[in-house]
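>>> Okay, predicted coordinates and the sequence, questions at the end:
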Amino acid sequence: MKILHTADWHIGKKLNGRDLLEDQKFVLEQLIGHIETLKPDIIVIAGDIYDRSNPPREALNLVNHYLHKMNVEMGLPVLINSGNHDSRALLDYGSEWFKATDLHIHTSLEEVFTPVTIGDINFYLVPHIDVLEARHHFDESGLRTHHDVYEYITERMKPDTEEQNILIGHLFIQDGAQSDSERALSIGMSEEVDSTIFNDFDYVLLGHLHHPFAINHEKIFYSGSLLKYSFNEVHQPKGFRWLDTDAGTVKFIPLSPMHDIVEFEGDFDDLINERVDFDDKDAYFKFTLSNLSHVKEPMSKIKMIYPNTLELKVKTDDHDFNMTTIDMKETSDYDIYASFIEEIAKRPPTETETEIFEEYFGGGHNEAH
Ligand SMILES: [Mn+2]
């Protein structure tokens, strides 16, 4: 059977306040092109379809459009498990009757032990699981880490090893390489799941880590995210996985973005006099520049040449002093707040910090990540 595995679409995501919906549409069109050529039997989307639990209408429309295209127009079975960014209630809505066209969406712990069988393969769809929730759901006080939870679940799945079994999950595999945009699954708790608990499965297709090669394993694969979703994913390839279970091969097939994401460190004068060679001046840039102190409104000057500049930092020899400049007009209050937290704490805002923001500044978070 031929399986196309993708994950971490993060539809509705903004990068430094910039809406990526057009970029997402562009790359999903490319994915549709590949589906037309490659003709998979099944499509797997391993969680984080949406970037947040209350996606804007445009994000919902985009997802509806492409799911309809794959599942109804192209007649392909589509298997989806929820990620930590998805709202389970939202993703679950309609899932009962979507089964009629082989669109299977699993968002709850009740469904983890019941595989979806398509052709000769049993697919175990495991939604992202919170440790406390699993402890409560299974009434097992001994479940303390993500590893405990997944071990508990996989031990009870008891897949028939005479048949082909594929597990679809949204988790952080041990030794996986992390990026900035994955968001911690929980605070103060080890999130890593040891790969040895998946021995009963022929393949494990994962979402969550955005690097497609986050783990080097013969049976366990990440597809990686659809696009580069943070400046520390600059050097990561983006695309999808292509599995041929009969031939026993798994490939990574790259997708090309509408705008690349580029980080550049250098001199302001070199940049503004175009002495730096970039493939695409419309890329999403993050500049860290020296010789900025004498320049008035550097951002507007830079944007005359590089219109999609998203971030400008002052390069200084004094490492204690570092200033980030963002475009106040195009950046929401929440994004400014989030970039401040990232600057200080080197991590995205926690849920509690986001709640505090919303309590004091209200609806701003709706328009922003
Ligand atoms: Mn995730």
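Now that the structure is in, tell me what you want to look at.
>>> CA atoms for contacts and neighbours, from now on please.
Will do.
>>> In the stretch 101-250 of the chain, what residue spans correspond to helices?
Assigned by DSSP state H, counting those that start in this stretch, the stretch 101-250 of the chain shows helices spanning 131-138, 146-157.
>>> Now do the contacts for residue 86.
For residue 86, the contacting residues are 47, 48, 49, 50, 51, 52, 53, by C-alpha atoms under 8 Å, 6 or more residues apart in numbering.
>>> Neighbour-wise, which one of those residues leads?
residue 47 (32 neighbours; other C-alpha atoms under 10 Å).
>>> nearest residue to it other than its sequence neighbours?
Distances taken as C-alpha to C-alpha, 6 or more residues apart in numbering place residue 83 nearest to residue 47, at 4.1 Å, with adjacent residues excluded.
>>> Ramachandran coordinates for the one you found?
phi -100, psi -180 (degrees, to the nearest 10).
>>> What of residue 351?
Main-chain torsions, residue 351, degrees, to the nearest 10: phi -60, psi -40.
>>> tell me which element residue 311 is part of?
Residue 311 is part of strand 309-314, with elements assigned from DSSP states H and E.
>>> average pLDDT across that strand?
Average pLDDT, strand 309-314: 94.
>>> List the neighbouring strands of it plus their orientation.
Partners of strand 309-314 in the sheet, by DSSP bridges, are strand 284-290 (parallel), strand 324-325 (antiparallel).
>>> Between the two ends of stretch 246-265, what distance do you get?
Separation of the first and last residues of stretch 246-265 by C-alpha to C-alpha, to the nearest Å is 47 Å.
>>> buried set for it?
250, 252, 255, 257, 258, 259, 260, 261, 262 (16 or more other C-alpha atoms under 10 Å).
>>> Show me which strand runs longest in this structure.
strand 164-173 (DSSP state E).
>>> and the angle for that one with helix 146-157?
On the basis of axes from the mean of the first three to the mean of the last three C-alpha atoms, to 10 degrees, strand 164-173 is oriented at 170 degrees to helix 146-157.
>>> by contact count, what packs against strand 164-173?
strand 78-81, strand 121-125, strand 192-193, strand 203-208 (3 or more C-alpha pairs under 8 Å, 6 or more residues apart in numbering; DSSP states H and E).
>>> one more time with 6 Å
strand 121-125, strand 192-193, strand 203-208 (3 or more C-alpha pairs under 6 Å, 6 or more residues apart in numbering; DSSP states H and E).
>>> Quick one: mean pLDDT over the last one.
Just to be clear, that refers to strand 203-208. Strand 203-208 carries an average pLDDT of 97.
>>> swap in the shortest one?
Taken as a whole, strand 192-193 carries a mean pLDDT of 92.
>>> And for it, what's in contact with it?
With contacts defined as C-alpha atoms under 6 Å, 6 or more residues apart in numbering, strand 192-193 is touched by 147, 172, 173, 174.
>>> what's the spacing between the first one and residue 171?
Just to be clear, that refers to residue 147. From residue 147 over to residue 171 (counting by C-alpha to C-alpha), the distance is 10 Å.
>>> and the closest residue in space to residue 84 that isn't next to it in sequence, how many neighbours does it have?
Closest residue to residue 84 apart from its sequence neighbours, by C-alpha to C-alpha, 6+ apart: residue 128 at 5.7 Å. Neighbour count for residue 128, taken as other C-alpha under 10 Å: 27.
>>> Confirm for me that residue 128 is in contact with residue 170.
Yes - Residue 128 is in contact with residue 170 according to C-alpha atoms under 6 Å; the separation is 5.1 Å.
>>> any common contacting residues for the two?
residue 83.
>>> Least confident secondary structure element in the protein?
When the helices and strands of the chain are compared on mean pLDDT, DSSP states H and E, strand 324-325 comes out lowest with a mean of 62.
>>> next SSE after it?
helix 333-345.
>>> can you give me the mean pLDDT across that following helix?
On average, helix 333-345 scores 79.
>>> Check stretch 253-260 too.
96.
>>> mind checking how far residue 336 is from residue 117?
46 Å.
>>> who has more neighbours, these two?
residue 336 (18 against 13).
>>> Next one: that one relative to the ion, how far apart?
Applying C-alpha to the ion, to the nearest Å, the value for residue 336 to the ion is 22 Å.
>>> for residue 58, same thing?
Distance, residue 58 to the ion, by C-alpha to the ion: 21 Å.
>>> and the angle from the helix or strand hosting residue 356 to helix 333-345?
Using DSSP H and E, the element containing residue 356 is helix 351-361. Interaxial angle, helix 351-361 versus helix 333-345 (the same axes, to 10 degrees): 140 degrees.
>>> pLDDT of helix 351-361, averaged?
The model assigns helix 351-361 a mean pLDDT of 79.
>>> Would you enumerate the residues in contact with residue 79?
By C-alpha under 6 Å, 6+ apart, the contact list for residue 79 reads 44, 104.
>>> List the beta-bridge partners for it.
Under the criterion used (DSSP bridges), residue 79 bridges to residue 44, residue 104.
>>> what does this protein put close to the ion?
Neighbours of the ion within the chain, by C-alpha under 5 Å from the ion: 84, 208.
>>> which helix of the chain spans the most residues?
helix 21-38 (DSSP state H).
>>> residues of it that come out buried?
Result for helix 21-38 [16+ other C-alpha under 10 Å]: buried residues 21, 23, 24, 25, 27, 28, 30, 31, 35.
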